[in-house]
Structures are given as structure tokens and as C-alpha cells.
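Engineer: Generate coordinates for the sequence data below:
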Amino acid sequence: QVALVESGGGLVQAGGSLRLSCAASGGTFSRYTMGWFRQAPGKEREFVAANSWIGRTNYADSAKGRFTISRDNAKNTVYLQMNSLKPEDTAVYYCAADRSYGLGLNENAYDYWGQGTQVTVSS
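Structural biologist: The predicted model follows:
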């Protein structure tokens, strides 16, 4: 069983930055594809970014050029650096772990999810 705990959310003004962290315990972190998703009020959860077990990254179009996903396998932690934040980035952000050696684009492939961290961007 893998437990994921997100941190780093908060309130920030438009144009600001936040770095989210997701610490994993249990399992073999280095073999997992790790992803970030978000869910805004009244909307479905959507893909943000993924870092595959071989280090390949993928981003949603809304995140490209502003967000960076990275991982530290020694610390069992995945990060999401978010720059140039916009009010439309406001959401609960979730990290997730995929054991299937995928590229991280398929939400249904993820096996474990964190509890989420709130990000609020004010205009």
C-alpha cells in the first residue's frame, strides 16, 4: 500500500508561484509514474502533469511553460513548481501514483491518490 501526502498549497496572487510537494510512503517510489491532477469547484478532475518512472514528463496544455514536475527518488517525493499562476488555476491539487509503467496520461491507470491540497489564486 502506498500513502501520498500533498503539501504546499495556499493562497497566492495572480502572477505568483507555489511549489507543491507530494511525499510517498510504502511501495517502490522509483518505479511509479507520478502525476498531478486538479479539480476546480463544479468541474471534473483534470490532468496537470506527470513524471514517468523513466523520467519522461508530460503536461496539460494549460500547464505547459508555467508548471514543472520533478521528482526526487531518494526522498520519495514529487514536486509541482507552478509559476505565473492565474485565477483559473484555483483548484484542489492531487498527486497520484501509477504502478503500470505508463506515461501518466490516463487518470484511470493511477492506483493511489493523495488527499489533495488547496490552491487559490486571487486576481
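Engineer: Please name the nearest non-neighbouring residue to the residue nearest the centre of the chain.
Structural biologist: The centroid of the chain falls nearest to W36 when counting by C-alpha atoms, centre = their mean (2.2 Å). Nearest non-adjacent residue to W36, counting by C-beta to C-beta, 6 or more residues apart in numbering: V48, 4.3 Å away. To be clear about C-beta, it is placed using only N, CA and C from the backbone, and glycine gets the same treatment.
Engineer: pretty sure the one you found is touching D61, no?
Structural biologist: No - with contact defined as C-beta atoms under 8 Å, V48 does not reach D61; the gap is 10.6 Å.
Engineer: Which one's more surrounded, those two?
Structural biologist: With neighbours defined as other C-beta atoms under 10 Å, V48 and D61 compare such that V48 has more, 24 against 6.
Engineer: who does the helix or strand hosting that one pair up with?
Structural biologist: Assigned by DSSP states H and E, V48 belongs to strand 46-51. Here strand 46-51 has these sheet partners by DSSP bridges: strand 33-39 (antiparallel), strand 57-59 (antiparallel).
Engineer: surely R99 meets W53?
Structural biologist: No - the criterion here is C-beta under 8 Å, and R99 misses it with W53 at 9.0 Å.
Engineer: Can you check which residues contact both of these two?
Structural biologist: Listed contacts common to R99 and W53 are 31-32; contacts here mean C-beta atoms under 8 Å, 6 or more residues apart in numbering.
Engineer: higher neighbour count, the two?
Structural biologist: Comparing R99 with W53 by other C-beta under 10 Å, the one with more neighbours is W53, at 22 against 16.
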